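Colleague: Predicted coordinates and the sequence they were generated for:
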Amino acid sequence: MLKLYIGNKNYSSWSMRPWVLLTQAGIAFEEVMVRFDSFGPDSTFKKVINPVSPVGKVPVLVDSRLAGDDLVVWDTLAIAEYLAEQFPDRQLWPADVKARARARSICAEMHSGFAALRSACPMNIEASLPDIGQLAWRDKPAVRADVARLVTLWGELLAAHEGPMLFGNFSVADAYFAPVVMRLKGYALPVPDDIAAYMERVCALNSVRAWVEGALAEHDFRDFEEPFRLSR
């Protein structure tokens with residue numbers, strides 16, 4: 001059995017990636033949601049996750065199918081690579097070697113980049129924050145630069161592989177950028193029509209719809225995750 005530890009679906013963009021990947025690929029797993037709290041050493045979150053993960057963060061994948069001790073995989077890139085290795089029939093990376101290298105590169109770019117967009121527009125699926133997005137777009141050139149990079153990147157890939165996803169069929173790359181789609185939509189940041197159409201296709205994926213439904217059902221206002229609202 002695979003077990004995936006995640007945080008609140010409304011806020012945890014990192015958790016969304018492997019959850020969407022597993023779900024869309026039809027790989028069975030058990031979800032363990034560890035509610036975000038103060039993250040202090042004595043917090044419930046740390047008491048639950050520290051015995052599982054050496055870094056004390058989510059997401060964490062635990063594989064109990066192997067002989068011996070459970071195998072623990074943390075960090076979203078490592079989880080994606082492990083799943084692709086364990087389930088080659090699901091074709092989680094593109095089959096073509098050049099496309100596969102490109103897909104890995106853009107996932108790594110997402111993993112370590114787009115800091116301005118992350119900071120100005122933290123993921124909050126249940127909130128509609130177009131006014132905040134408008135201010136970020138007006139006042140933060142780095143946010144505009146991040147969105148411009150996304151538009152160029154996605155546009156090139158959609159043109160090269162003729163959609164509907166970035167590399168034709170669904171892949172790790174689409175799971176990786178799903179939380180970005182949530183940000184662009186929630187903050188109503190402006191994108192061209194072809195990019196908006198790709199975003200709608202991502203939102204229509206069964207896995208993404210299920211994640212969003214779960215986020216909306218949480219009704220769990222976490223004030224430390226809410227720089228722009230005082231209540232729900």
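Modeller: Arrived safely.
Colleague: going forward, measure contacts between C-alpha atoms and count neighbours the same way
Modeller: OK.
Colleague: So which residues make contact with stretch 191-200?
Modeller: Val147, Val151, Trp154, Gly155, Pro164, Met165, Val181 (Cα atoms under 8 Å, 6 or more residues apart in numbering).
Colleague: Can you classify the second one as helix, strand or coil?
Modeller: If I follow you right, that is Val151. Under DSSP: H, G, I helix; E, B strand; the rest coil, the three-state class of Val151 is helix.
Colleague: What's the local residue count around Thr152?
Modeller: 11 (other Cα atoms under 10 Å).
Colleague: what pLDDT does it get?
Modeller: We have a pLDDT of 98 for Thr152.
Colleague: again with Arg232
Modeller: 85.
Colleague: residues near it, how many?
Modeller: 11.
Colleague: What segments of this protein are helices?
Modeller: Counting by DSSP state H, one finds helices in the chain at the ranges 13-25, 44-49, 76-86, 97-112, 115-120, 130-139, 141-161, 172-186, 193-204, 206-218.
Colleague: on contacts alone, who are the packing partners of the fourth one?
Modeller: Read it as helix 97-112. With contacts taken as 3 or more Cα pairs under 8 Å, 6 or more residues apart in numbering; DSSP states H and E, helix 97-112 sits against helix 76-86, helix 172-186.
Colleague: Output these as TSV; include the columns mean neighbour count and distance to Val20.
Modeller: Shown next, in TSV, are these (neighbours: other Cα atoms under 10 Å; distance: least, Cα to Cα, whole Å):
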stretch	mean neighbour count	distance to Val20
helix 76-86	17	11
helix 172-186	23	6
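Colleague: isn't Leu157 right next to Phe167, touching?
Modeller: Yes. Between Leu157 and Phe167 there is a contact under Cα atoms under 8 Å: 6.5 Å.
Colleague: With neighbour numbers in mind, choose between those two.
Modeller: Applying other Cα under 10 Å to Leu157 and Phe167 shows that Phe167 carries more neighbours, namely 26 against 18.
Colleague: Lys9 - nearest residue in space that isn't next to it in sequence?
Modeller: Ala215 (4.7 Å; Cα to Cα, 6 or more residues apart in numbering).
Colleague: now swap in Leu61 and tell me
Modeller: Leu4 (4.6 Å).
Colleague: so where's this protein uncertain?
Modeller: Residues of the chain meeting the criterion pLDDT under 70: none.
Colleague: Domains in it, by residue range?
Modeller: 2-91, 97-214 (automatic domain parsing).
Colleague: Make CSV out of the helices and strands packed on helix 97-112 and add distance to Val58.
Modeller: Formatted as CSV, the helices and strands packed on helix 97-112 follow (distance: least, Cα to Cα, whole Å):
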stretch, distance to Val58
helix 76-86, 9
helix 172-186, 15
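Colleague: show me the contacts for the nearest residue to Arg65 once chain neighbours are set aside.
Modeller: Leaving aside its sequence neighbours, Arg65 sits nearest to Met1 (Cα to Cα, 6+ apart; 5.5 Å). Counting by Cα under 8 Å, 6+ apart, Met1 touches Ala28, Phe29, Glu30, Asp63, Ser64, Arg65.
Colleague: Could you do Phe36 as well?
Modeller: Applying Cα under 8 Å, 6+ apart to Phe36 gives the contacts Gly7, Asn8, Phe45, Arg222.
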